[in-house]
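Chemist: Quick one, fold the following:
(chains A, B, C and D)
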Number of protein chains: 2
Amino acid sequence: MNYNTQPIPGKPVRGSKTGQPIMVIFDLLGRNWSMGIIWHLNNGPSTFRKLQEYCENISPTTLNKRIKELTNANLIMKTLDGYTLTEQGEELFNVISPLGKWAKKWAAKNYNLK
Amino acid sequence: MNYNTQPIPGKPVRGSKTGQPIMVIFDLLGRNWSMGIIWHLNNGPSTFRKLQEYCENISPTTLNKRIKELTNANLIMKTLDGYTLTEQGEELFNVISPLGKWAKKWAAKNYNLK
DNA sequence: CATATCGCTACAATTAAAGTAGCAATGTTA
DNA sequence: TAACATTGCTACTTTAATTGTAGCGATATG
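Modeler: Sure, this is the predicted structure:
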């Protein structure tokens, strides 16, 4: 089956023929670097090159794709200071943010690291 | 660079040369279907074939990879009833679970869907 | 004017995922 | 107990996503 490059609620995405919002988000955030980008932008605006640097191995091709997708989804936007989270992007960050704390606990328990 | 198939805290993963737990989780959950599998298993144990069915287009190859990765990460396990979330897997579900509610709001606001 | 930075695009190489077939093990039914 | 069904895969080919590298045009900056 052919999925849109841009996952859109109400349209077929990976995991849901009817485009259930949660599956759309999974498709969107599940792509390489999506969450990393949002995570990083929470520290403040960032340029294209800074994002590249942060996401150690991201290629400009992929970064550009992710930027377009996240922009279309109204999660990030371009400003004079560089790319930033939109209001909705910040909301999303807050929703996934507890993951950081949990990840540390999980790593400590299973891999004896903090 | 060569990353392990299995992302492990403290070892290089995509996004972090030192294997920061949050990046390890991003790497793990960012792979195709990882979150979908966890999401589905929260409804109860499931067999390999049921999971395949749920994840509409997943190939057995990929499902098997995801199962191994998530099992190694102590997030799911195999029981007589099929695959289930471990205690830590349930914890993770609870952490990402607010995403479902947020996704609906997001879809409603941006795409006029519920 | 020379140099640097930035936001990309193009394109080839590599890796991941999908799609399909099928097999061994176990369970179920007649 | 022979026949059939289901489950959990593996093997293999095809297709799609990501990486890696080079570099260009636009806008600063010295």
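Chemist: going forward, measure contacts and count neighbours with C-alpha atoms only.
Modeler: Fine.
Chemist: leaving aside the residues next to it on the chain, what's closest to the residue in chain A positioned nearest to chain B?
Modeler: For chain A, the residue closest to chain B is A:Gly30, as judged by C-alpha to the nearest C-alpha, at 4.2 Å. Counting by C-alpha to C-alpha, 6 or more residues apart in numbering or on different chains, A:Gly30 lies nearest to B:Gly30, which is 4.2 Å off, once chain neighbours are set aside.
Chemist: So the one you found versus A:Arg31, what's the distance?
Modeler: 6 Å (C-alpha to C-alpha, to the nearest Å).
Chemist: neighbour count winner among those two?
Modeler: B:Gly30 (23 against 17; other C-alpha atoms under 10 Å in any protein chain shown).
Chemist: OK, contacts around that one?
Modeler: Residues in contact with B:Gly30 (C-alpha atoms under 8 Å, 6 or more residues apart in numbering or on different chains) are A:Leu29, A:Gly30, A:Arg31, A:Asn32, A:Trp33, A:Met35.
Chemist: Output those residues as JSON lines; include the columns secondary structure.
Modeler: Below are those laid out as JSON lines (DSSP: H, G, I helix; E, B strand; the rest coil):
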{"residue": "A:Leu29", "secondary structure": "helix"}
{"residue": "A:Gly30", "secondary structure": "coil"}
{"residue": "A:Arg31", "secondary structure": "coil"}
{"residue": "A:Asn32", "secondary structure": "coil"}
{"residue": "A:Trp33", "secondary structure": "coil"}
{"residue": "A:Met35", "secondary structure": "helix"}
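Chemist: With respect to A:Leu63, which of those residues is nearest?
Modeler: Closest approach to A:Leu63 among the contacts of B:Gly30 (C-alpha to C-alpha): A:Trp33, at 7.8 Å.
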